[in-house]
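Participant: Model the following, please.
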Amino acid sequence: MALDTSDVAKIAHLARLSIDDGELDHFSTELSNILDLVEQMNAIDTSGVEPMAHPLHMAQRLRSDQVTEMNHRDRFQQIAPQTEDGLYLVPKVIE
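Facilitator: Alright, predicted model coming up:
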């Protein structure tokens, strides 16, 4: 699929990108090459290929789930301007 400079200018406008007129030829060529590559990949028969969620079938080593920090909520709420029932009260910012 070949894109011309007007297509690239339209795409740039929709994406709110500023592209100089001198760069339109370069980007139209590059985007056309990318779309050609996608067409080539779509043409390959992958009916016998099993989908995979991850290229490496490995299990992640996870750390043990242990508490490493103490609960300092009461200490932090003592210095807060306003709290109620363990929650921080803040001014309304959306009307």
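Participant: how far away is the spatially most central residue of the chain from residue 8?
Facilitator: In the chain, the centroid-proximal residue (C-alpha atoms, centre = their mean) is residue 15; its distance is 15.9 Å. From residue 15 across to residue 8, the span is 10 Å (C-beta to C-beta, to the nearest Å). In short, each C-beta sits where N, CA and C put it, glycine included.
Participant: Likewise for residue 53?
Facilitator: Counting by C-beta to C-beta - residue 53 and residue 8 are separated by 35 Å.
Participant: which helix is the longest one in this protein?
Facilitator: helix 24-43 (DSSP state H).
Participant: How about that helix, which residues are buried there?
Facilitator: For helix 24-43, the neighbour count (16 or more other C-beta atoms under 10 Å) marks 24, 27-28, 31-32 as buried.
Participant: ok, of the residues you listed, which one's closest to residue 79?
Facilitator: Residue 79 lies nearest to residue 27 out of the buried residues of helix 24-43, by C-beta to C-beta, at 54.0 Å.
Participant: Low-confidence stretches in this structure?
Facilitator: Within the chain, no stretch has pLDDT under 70.
Participant: need the helices for the chain, in chain order.
Facilitator: Using DSSP H, helices in the chain cover 5-14, 24-43, 73-78.
Participant: chain center to the second one: distance?
Facilitator: Mean-position distance between helix 24-43 and its chain equals 22 Å (C-alpha atoms, centre = their mean, to the nearest Å).
Participant: Use 3 as the first number for this chain going forward.
Facilitator: In the new numbering, first residue 3, that becomes helix 26-45.
Participant: so what secondary structure elements neighbour it?
Facilitator: helix 7-16 (3 or more C-beta pairs under 8 Å, 6 or more residues apart in numbering; DSSP states H and E).
Participant: Would you check how far apart the residue lying farthest from the centre of the chain and residue 49 are?
Facilitator: The outermost residue of the chain relative to its centre, with distances by C-alpha atoms, centre = their mean, is residue 80 at 38.3 Å. From residue 80 across to residue 49, the span is 65 Å (C-beta to C-beta).
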